[in-house]
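Colleague: Here you go, sequence then predicted model.
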Number of protein chains: 2
Amino acid sequence: MAEKPMATIDQMLCFAVYSAGHAFTRFYKPRLEALGLTYPQYLVFLVLWERDDISVKTLGERLFLDSGTITPLIKRLEARGLVTRRRDEDDERQVRIRLTAEGKALKAKAESVPLAAMKGTGLSDEAADALRHELLALRERLDVAL
Amino acid sequence: MAEKPMATIDQMLCFAVYSAGHAFTRFYKPRLEALGLTYPQYLVFLVLWERDDISVKTLGERLFLDSGTITPLIKRLEARGLVTRRRDEDDERQVRIRLTAEGKALKAKAESVPLAAMKGTGLSDEAADALRHELLALRERLDVAL
DNA sequence: TAAAATTATATTGCACGCAATTTAATTGTG
DNA sequence: CACAATTAAATTGCGTGCAATATAATTTTA
């Protein structure tokens, strides 16, 4: 009896996503070194530069991460003087995260990063957009499916 | 003077890849629970089921992971009796990883996983293939770019 | 062939990522 | 209002990922 043909990892979409994600992280690493940021930390700043003074929960929803990941990450940024953490006065359950002057100043230093990343992908704006939309739809369906 | 328009994370391809990767891992988790495997461990078995008795290096090249990740992962699998580790007789630098009977037996239990994953993506075989190829090409270009 | 360079793996240290649990604050309900 | 349920963060524990370093084996080369 013939064995069922086994899918190799190279034929699996999940592995393509998984390894492309790692490749992105590796790609960003030297580009973020001047900022002293890891890739997840950089994502946090992208959110905060866009909208400052948000709660841990809001940040988590934006990044699809939970407090178990975000709390220690933010504490490291706080220890370096890049953000502050303060309990919300109206709802003491919430902790609001704010950029310090130094945290805001990082934005200028990070200006060249997105363009470098786009060049690294070797994709046109249109191709990158198309791929991005497919991945967002994929994430959505995976989330719904559980 | 107007501020330069800042890219939000939702407009960035890297974040789409990053979050889709996490979504996949979350999706797999309950499906792999019966096997007692994490997602990276499952990837290791996919490689070993395809070709048994390979070195740490070969496995690492296949998964784009280094010994710092693979060695402890394999040791956990070894501790559970799913694989063995043995120095290659011809080249004592190498450590060859082999499936135990129990490790081989897992393959049957894992049979339903790939189909469930495909269904979770909501994609046709063709659409998944197309997306996969784009991601493989992307990974390749990111690796080349550094 | 002895010394230098390279290669394969392991180890250490640090930063995620997430499940499970805990604590404290707020909201909902009788 | 009291008390249960919910919510927001933090904490704990475990498993990745990866840089940097260490160690041992092999290969290169002077």
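Modeller: Nice, thanks for sending it over. Numbering: from 1, shown residues only, chains lettered A, B, ... in the order given.
Colleague: okay, now the closest residue in space to residue A:128 that isn't next to it in sequence: neighbour count?
Modeller: Spatial nearest neighbour of residue A:128, excluding adjacent residues (Cβ to Cβ, 6 or more residues apart in numbering or on different chains): residue B:13 at 4.8 Å. C-betas here are computed from N, CA, C, even on glycine. Residue B:13 has 23 neighbouring residues, counting by other Cβ atoms under 10 Å in any protein chain shown.
Colleague: And the one 10 residues further on, by the same measure?
Modeller: Summarising burial for residue B:23: neighbours were counted as other Cβ under 10 Å, giving 25.
Colleague: for residue A:17, same thing?
Modeller: By other Cβ under 10 Å, the residues close to residue A:17 number 28.
Colleague: tell me the contacts of residue A:100?
Modeller: A:81-84 (Cβ atoms under 8 Å, 6 or more residues apart in numbering or on different chains).
Colleague: Which secondary structure state does residue A:85 sit in?
Modeller: Under DSSP: H, G, I helix; E, B strand; the rest coil, residue A:85 falls in the strand class.
Colleague: Give me the pLDDT for it.
Modeller: We have a pLDDT of 97 for residue A:85.
Colleague: Run through the residues that contact the spatially most central residue of chain A.
Modeller: The centre of chain A sits closest to residue A:43, judged by Cα atoms, centre = their mean, with a distance of 3.8 Å. By Cβ under 8 Å, 6+ apart, the contact list for residue A:43 reads A:63, B:9, B:15, B:18.
Colleague: make it 6 Å
Modeller: Going by Cβ atoms under 6 Å, 6 or more residues apart in numbering or on different chains, residue A:43 touches A:63, B:9.
Colleague: Let me know the secondary structure of the closest residue to DNA strand C within chain A.
Modeller: Nearest to DNA strand C, among the residues of chain A, is residue A:68, at 2.7 Å (Cβ to the nearest atom of the strand). Classification of residue A:68 by three-state DSSP places it in helix.
Colleague: returning to that earlier point: can you dump the C-alpha atoms of the helix or strand encompassing the residue nearest to the centre of chain A in CSV for me?
Modeller: Per DSSP states H and E: residue A:43 is located in helix A:39-50. Extracted C-alpha coordinates of helix A:39-50, given in CSV (Å, rounded to 0.1, in the frame of the first residue of the first chain):
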residue,chain,number,x,y,z
TYR,A,39,11.7,44.9,15.8
PRO,A,40,8.8,44.5,18.3
GLN,A,41,9.9,47.7,20.1
TYR,A,42,10.0,49.5,16.8
LEU,A,43,6.4,48.4,16.2
VAL,A,44,5.5,49.9,19.5
PHE,A,45,7.0,53.2,18.5
LEU,A,46,5.2,53.2,15.2
VAL,A,47,2.0,53.0,17.1
LEU,A,48,3.0,55.6,19.7
TRP,A,49,4.3,58.1,17.1
GLU,A,50,1.0,57.8,15.4
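Colleague: Please see if it touches DNA strand D.
Modeller: No. Remark: helix A:39-50 sits outside contact range of DNA strand D, by Cβ under 7 Å from any atom of the strand, the gap being at least 9.7 Å.
Colleague: Which is the succeeding secondary structure element to that helix?
Modeller: Helix A:39-50 is succeeded, C-terminally, by strand A:54-55 (DSSP H and E).
Colleague: Could you spell out the sheet neighbours of that following strand, each with its direction?
Modeller: With DSSP bridges as the test, strand A:54-55 is paired with strand A:95-99 (antiparallel).
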